[in-house]
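Chemist: Turn this into a structure:
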Amino acid sequence: MMNEDSALSDGGLPIAAVERETGIPKDLLRMWERRYGFPQPARDAAGDRLYNAAQVGKLKQVRRLMDLGFRPGKLVGQSMAQLEALALAHTPARVVPDVCAGLIDALSGHDALAVRELLRHRLFELGLRHFICDFLAAANQLVGEAWMRGELRVHEEHLYSEEIKRVLRETLAGIPSGQQSPRVMLTTCPGELHLIGLLMVEALLRLAGCDAIAFGAQMPLSDIASAAQKHRVDVVVLSFSASYEASPQADVALLDTLLPAGVELWLGGAGCRGLKRLPPRATLLTLDQLDASVGRWRERQPPAIAV
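Modeler: I've put the predicted structure just below:
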């Protein structure tokens, strides 16, 4: 894998390598260049972008602070020293819950199979519900904080994400589709790539017997509304991560005007922290509130009429 040293030796990193090093998508790098004037890559003989080591280092720090909830527009104009001071002031000290013992070492050991086996062992040991609510909730935070402190590199964080998704999908494949209401659609808005939260919610909904339909990530709002109507869903679940670049507030407001009457919106994720003035159909939820929300939804439904 290319690194910052190669950026010094060969004149810079191409945009694809910067995406791998920082975890910032190429389209977002280009947008920041136009909107904020940073980064300002050089160009090679073919006109392709080349990013020097200083820019790559600053982009990594910006990404870490975005994961803490900061917006890029407030960060890109600051010096590296200012960004480092901001990160130091807001990055929590490392505290490893007992249930997560060995996880950071496994990720740092660059052994994908060892990471997978650790996750499977925790799943077998705890059962699916506690694996999601106790282990994954703590592990996601632990890995995110380790990345912010620079203890894990982007590829190690990506390995964690991919192995979590693999284990969850393997597990979901063995759970029969729910036959009970509500019928729930799970997706994310355009620009939101993170799927782990949705997979966690899908697993809990399956355990509750719900008819959960996963549509993957980055679904246009008009398509969300159209799919909700065609699949006759009762609830749309949206997940917003802390690094979501757009405005969840605007997305929720627009989707409220597009969804069929009677369809509820359940929202979750770190990107929802600043949400205010939600439409009546929208509810903010955490994982530990999900079962109660399903129960309340069922209680509100009129009793079935015997034929």
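
Chemist: buried set for the longest helix belonging to the chain?
Modeler: Longest helix in the chain, counting residues (DSSP state H): helix 154-173. Neighbour counts over helix 154-173 (16 or more other C-beta atoms under 10 Å) mark Val154, Glu156, Glu157, Leu159, Tyr160, Ser161, Glu163, Ile164, Val167, Leu168, Thr171, Leu172 as buried. C-beta coordinates here come from the backbone N, C-alpha and C atoms, glycine included.

Chemist: Was I right to think Ala227 contacts Phe215?
Modeler: Yes. If you go by C-beta atoms under 8 Å, Ala227 and Phe215 touch, sitting 6.4 Å apart.

Chemist: Find residues that contact each of these two.
Modeler: Contact criterion C-beta atoms under 8 Å, 6 or more residues apart in numbering; residues shared by Ala227 and Phe215: Met185.

Chemist: for the stretch 1-150 of the chain, which spans come out with low pLDDT?
Modeler: 1-11, 92-95 (pLDDT under 70).

Chemist: Run through the helices of it in chain order.
Modeler: 4-9, 15-22, 26-36, 53-67, 80-90, 103-108, 112-126, 128-130, 137-148 (DSSP state H, counting those that start in this stretch).

Chemist: tell me what the fifth one is packed against?
Modeler: By that I understand helix 80-90. helix 53-67 (3 or more C-beta pairs under 8 Å, 6 or more residues apart in numbering; DSSP states H and E).

Chemist: Now do the helix it packs on and helix 15-22, the angle between them.
Modeler: Comparing the axes of helix 53-67 and helix 15-22 via axes from the mean of the first three to the mean of the last three C-alpha atoms, to 10 degrees yields an angle of 50 degrees.

Chemist: who's in contact with helix 53-67?
Modeler: Under C-beta under 8 Å, 6+ apart, the answer for helix 53-67 is 4-5, 7-8, 13, 18, 21-24, 29, 38-41, 51, 72, 75-76, 80, 83-84, 86-87, 90-91, 144, 147-148, 150, 154, 242-243.

Chemist: Among the residues you listed, name the buried ones.
Modeler: The buried subset of the contacts of helix 53-67 - by 16+ other C-beta under 10 Å - is 4, 7, 13, 18, 21-24, 29, 38-39, 41, 51, 72, 75-76, 83-84, 86-87, 91, 144, 147-148, 154, 242-243.

Chemist: Tell me where the stretch 201-307 of the chain has helices.
Modeler: So, for the stretch 201-307 of the chain - with DSSP H, counting those that start in this stretch - the helices run 221-230, 248-258, 290-300.

Chemist: can you redo those helices as CSV with mean neighbour count and mean pLDDT?
Modeler: Converted to CSV, the helices of the stretch 201-307 of the chain look like this (neighbours: other C-beta atoms under 10 Å; pLDDT from 0 to 100):
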stretch, mean neighbour count, mean pLDDT
helix 221-230, 16, 97
helix 248-258, 16, 94
helix 290-300, 14, 94
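
Chemist: and of the ones you listed, who's closest to Asp111?
Modeler: helix 290-300 (33.2 Å; C-beta to C-beta).

Chemist: by contact count, what packs against the closest one?
Modeler: Helix 290-300 is packed against strand 180-187, helix 196-207, with contacts defined by 3+ C-beta pairs under 8 Å, 6+ apart.

Chemist: Determine how far the shortest one lies from the middle of the whole chain.
Modeler: Put plainly, it is strand 180-187. 20 Å (C-alpha atoms, centre = their mean, to the nearest Å).

Chemist: Just give me the neighbour total for Gly109.
Modeler: Neighbourhood size, Gly109 [other C-beta atoms under 10 Å]: 12.

Chemist: sorry, back to before: just the closest of the buried residues of helix 154-173 to Asp223, please.
Modeler: Leu172 (22.8 Å).

Chemist: can you pull the contacts of that closest one?
Modeler: Leu172 neighbours (C-beta under 8 Å, 6+ apart): Leu199, Glu202, Ala203, Arg206.

Chemist: could you redo the last one with a cut-off of 7 Å?
Modeler: Applying C-beta atoms under 7 Å, 6 or more residues apart in numbering to Leu172 gives the contacts Glu202, Ala203, Arg206.
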